[in-house]
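> Provided below are the primary sequence and the corresponding predicted coordinates.
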Amino acid sequence: MTAAALAERSRVAFRGRFPEVAERLGVSGAPAASLVLEHGAAIDISIAGRRVYGGDAARFAADQVGAFAKKPLRVFMEQPGTAGLFSDVCHEMVRVISDVLKAHEMKELERRPSGNPTFLIVFGLGLGHHLKLLAEASKARWLILVEPSLEFIEQSFGALDWQELCRIFEDRGGDVHLVTDGDPQYMVSAIVRRVTQAGIPFIDGAWVFVHYPLWSFMEARTKLHDSLQYAFINRGFFEDEITMMSHAVANFTAAPFWLIDGRPRLQRPELAVIVGAGPSLDESFATLHRIRDRIVLFSGGTSLRPLLRNGLVPDFHCEIENVPEVVDVLGAAARFGDLSQIRLIASATVDPRVPPLFAETFFYFRDSVSSTKLLGSAFKVLQGTAPTCVNTAAAAAVALGFTDFMLFGTDCGIRPGGAHHASDTVYREVGIYKAEADHRAARYPLEVEGNFGGFVKTDWVYDSCRRMLAELIRAFGLNAVNCSDGAHIPGARAMVPEAVEVARPAIDRDRFLADLKPSFRRFREGEILAEIDFQMMIGETKDFHREIARLLDGVAFDSADFAGVYQVLMGVLREGKEKYGNIETMVSGTLSALPRIGMFYGYRVADPAIRRQVFRAFMAELRTTLRAIERRTIDLFERLDTTAAHRETAVA
């Protein structure tokens, strides 16, 4: 086939699959690049008279892929536990699979999975001769191709059969995804989004190939591994959902409360100060005392104790976690101040022992958790409250109407060799959480720009906290100042605490609260649950699990198709909201985790016979677990129904 004929065939195939990119091709006028032809075949690209490949592009690609095949760059999941795939249910699945492996005296697994569907991530298109070679070598199901040069895409039509390339991956049940962003961070974000859409477990064993040395490719490749590791972390488990549903109903039926939702409100004129427990808080107390009468002070999580110990009583204290340790942390803080002077802003899933400690409570519904989907569907979720209590405080302040912000102790990381938290926190003195020495030894794999220059070491959680704060500032157009000596938060101006001046009048706290509360709804005990039908939830739970059992019956007993089971379960979850009234949120985290555990172990067993035995054990344990989960879910809803009905009767 001549280059011209191939170009026409490829252009048609490309336009059909990537119409938006196709619309952008050739719009800049005369091309700066052109094909170099030899005997009617494309052998190179010429840019301003200089050849890209310096000769035979096909030979260059073959040599490059040959060298890559001897020492490929791949992405592997090292251990399920590092990805947060462990809960009591998951531990039992690991035990069952481990027993099968021990029975065959398998003490070690292969480091690299085999036979699993995965990704081929390629930085650079050029003429594209390397792509079909890589497709054959990797046997990948999905191709993610990163190419910011539209000129290269245009010229590739004369050398690469795009129709054939796309069909290779489509015949495998995957596809080709094209990323044209030129910024490394956007490249990485686009890759992670595509991987997540297809199924994050499939990144285990992915191939990463760089075709030509563009600086942005090298930067993106460096960032990619850490971003994928973070995306791989499982979020949420059935056991957590049981706790959160129980806590929410207990909190809603225990005492009156205010509800903060995400509806827009009138702008507040006051300055909101958000305080986290980062180490730079130690240098901020003098400034906070100096401006205290002219600000509304929000404490987040473990920052409450150092504030109280240094004579600063916040107006609002914010909590997001449902764990019992929060009660212990607040008890440690209460030794230095009266919590009954403070108003609590907390997720409805907080431990029920927490709200009675405070003057009054403002609850909110967290996004994506079962208690919100099943109990709070009539209300607007408060967005951006995770992953830390600092995010909770900032999101809550926005919901209250504040637009002017200052941040103290929101370090979102540590300076090299620095402390992990402020000196008066439970981390440093009480020992409820990890000791400071443990934190110093912890791994902080990420480096980000410092607020006052240099760099700061951080991890997935704190970097997510930083990025979420930046998104909140951007989305709501906040006027934000960051006085923390930690990570730079985009959108927030850096200012040392000593330079802070607040030219505002002192705040009348009683009048402030009187003005604030009419924009929120106050609920009596149990009132918010009046329209909740737990009996309907029980019926939907039975239907949901019946559908899962039916679909699992269609999986061949000896197929060893761990990925197929994952896709079956994810399909049920996608349909769950419409068909089963959000019941799937009770089990979505665990339904994602269990097949991922099976995929990790199963695809690392090279012997097909042993792999089939692992699959049989996996399927048997999966069915047993799902039956137990169904029973526990029904028991939960029956108990919550009784609790809600009892409170409603008592109030009446």
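Arrived safely.

> C-alpha only now, for contacts and for neighbours.
Fine.

> any regions of the stretch 151-300 of the chain where pLDDT drops low?
Along the stretch 151-300 of the chain, no part satisfies pLDDT under 70.

> how about the strands of it, start to end?
Using DSSP state E, counting those that start in this stretch, the strands of the stretch 151-300 of the chain run over 176-179, 206-210, 257-260, 271-275, 295-300.

> now the ones you listed in TSV, with mean neighbour count and distance to residue 149?
Putting the strands of the stretch 151-300 of the chain into TSV (neighbours: other Cα atoms under 10 Å; distance: least, Cα to Cα, whole Å) gives the following:
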stretch	mean neighbour count	distance to residue 149
strand 176-179	18	10
strand 206-210	21	15
strand 257-260	20	47
strand 271-275	25	43
strand 295-300	25	45
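
> can you redo these as TSV with distance to residue 352?
TSV is the format used below for the strands of the stretch 151-300 of the chain (distance: least, Cα to Cα, whole Å):
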stretch	distance to residue 352
strand 176-179	47
strand 206-210	44
strand 257-260	13
strand 271-275	24
strand 295-300	18
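
> which one of the ones you listed lies closest to residue 398?
Closest of the strands of the stretch 151-300 of the chain to residue 398 is strand 271-275, at 9.1 Å (criterion: Cα to Cα).

> the inter-axis angle of that closest one versus strand 295-300?
Angle, strand 271-275 to strand 295-300, by axes from the mean of the first three to the mean of the last three Cα atoms, to 10 degrees: 30 degrees.

> hey, where'd the helices end up in the stretch 1-150 of the chain?
3-17, 19-24, 57-70, 88-103, 129-138, 150-156 (DSSP state H, counting those that start in this stretch).

> so which of those is nearest residue 594?
helix 88-103 (6.3 Å).

> so residue 13 makes contact with residue 162?
Yes: with contact defined as Cα atoms under 8 Å, residue 13 and residue 162 form a contacting pair (6.2 Å).

> which of those two has more neighbours?
With neighbours defined as other Cα atoms under 10 Å, residue 13 and residue 162 compare such that residue 162 has more, 24 against 20.

> I'd like the helices of the stretch 1-150 of the chain as a markdown table, with distance to residue 551 appended.
A markdown table is the format used below for the helices of the stretch 1-150 of the chain (distance: least, Cα to Cα, whole Å):
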| stretch | distance to residue 551 |
| --- | --- |
| helix 3-17 | 31 |
| helix 19-24 | 36 |
| helix 57-70 | 38 |
| helix 88-103 | 20 |
| helix 129-138 | 30 |
| helix 150-156 | 42 |
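
> compare the ones you listed and give me the one nearest residue 418.
Closest to residue 418 of the helices of the stretch 1-150 of the chain, according to Cα to Cα: helix 88-103, at 35.4 Å.

> list the contacts of the closest one.
For helix 88-103, contacts defined as Cα atoms under 8 Å, 6 or more residues apart in numbering pick out 107, 239, 590, 593-594, 597-598, 601, 610, 613-614, 617-618, 621-622, 625.

> could I have the ChimeraX command that selects the buried members from those residues?
In ChimeraX, a selection of the buried entries from those looks like this (16 or more other Cα atoms under 10 Å):
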select :239,590,593,594,597,598,601,610,613,614,617,618,621,622,625
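
> which one of the contacts of helix 88-103 is nearest residue 57?
Checking the contacts of helix 88-103 against residue 57 by Cα to Cα gives residue 601 as the nearest, at 40.2 Å.

> domain-wise, how is this protein divided?
Following automatic domain parsing, the chain resolves into domains at 3-71+113-232, 257-523, 532-651.

> and among those domains, the most buried is which?
Stretch with highest mean neighbour count among those: domain 257-523 (a mean of 20; mean count of other Cα atoms under 10 Å).

> for that one, measure first residue to last.
End-to-end distance for domain 257-523: 6 Å, by Cα to Cα, to the nearest Å.

> still on that earlier bit, between the strands of the stretch 151-300 of the chain, which gets nearest to residue 448?
Here strand 271-275 is closest among the strands of the stretch 151-300 of the chain (Cα to Cα), at 20.7 Å.

> so what strands line up beside that closest one?
Its sheet considered, strand 271-275 pairs with strand 295-300 (parallel), strand 404-408 (parallel) by DSSP bridges.

> now distance to residue 103 too, for those, in TSV please.
TSV is the format used below for the strands paired with strand 271-275 (distance: least, Cα to Cα, whole Å):
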stretch	distance to residue 103
strand 295-300	50
strand 404-408	56
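
> between the ones you listed, which one is closest to residue 54.
Among the strands paired with strand 271-275, strand 404-408 comes nearest to residue 54, with 54.5 Å by Cα to Cα.

> run the chain-centre distance for the closest one.
Chain-centre distance of strand 404-408: 25 Å, with Cα atoms, centre = their mean, to the nearest Å.

> wasn't residue 601 part of a helix?
Yes: under DSSP: H, G, I helix; E, B strand; the rest coil, residue 601 falls within a helix.

> which one of the contacts of helix 88-103 sits closest to residue 332?
Comparing these against residue 332 with Cα to Cα places residue 239 closest, at 27.3 Å.

> quick check: phi and psi at the closest residue to residue 367 other than its chain neighbours.
Excluding the flanking residues, the one nearest residue 367 by Cα to Cα, 6 or more residues apart in numbering is residue 381, at 5.9 Å. Dihedral pair for residue 381: phi -70, psi 140, per degrees, to the nearest 10.

> got the CA positions of stretch 379-388 in PDB?
Extracted as PDB, the C-alpha positions of stretch 379-388 are listed here (Å, rounded to 0.1, in the frame of the first residue of the first chain):
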ATOM      1  CA  PHE A 379     -29.900  17.100  50.800                       C
ATOM      2  CA  LYS A 380     -27.000  18.600  49.000                       C
ATOM      3  CA  VAL A 381     -23.700  17.000  49.900                       C
ATOM      4  CA  LEU A 382     -20.900  19.100  51.300                       C
ATOM      5  CA  GLN A 383     -18.100  18.700  48.800                       C
ATOM      6  CA  GLY A 384     -14.300  18.800  49.500                       C
ATOM      7  CA  THR A 385     -14.400  17.700  53.100                       C
ATOM      8  CA  ALA A 386     -11.800  15.000  52.700                       C
ATOM      9  CA  PRO A 387      -9.200  13.700  53.200                       C
ATOM     10  CA  THR A 388      -8.300  15.600  56.400                       C
END
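
> what is the distance between it and the centre of its chain?
A distance of 13 Å separates the C-alpha centroid of stretch 379-388 from that of its chain, computed with Cα atoms, centre = their mean.

> low-confidence regions, the stretch 551-652 of the chain specifically.
646-652.

> change it to 50
652 (pLDDT under 50).

> can you pull out the helices in it?
Using DSSP H, counting those that start in this stretch, the helices found in the stretch 551-652 of the chain span residues 562-580, 588-602, 608-651.

> redo those as TSV? Include distance to residue 174.
Listed next are the helices of the stretch 551-652 of the chain as TSV, based on distance: least, Cα to Cα, whole Å:
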stretch	distance to residue 174
helix 562-580	13
helix 588-602	18
helix 608-651	23
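
> and residue 114, which of those helices is closest to it?
The closest of these to residue 114 is helix 588-602. By Cα to Cα, the value is 9.1 Å.
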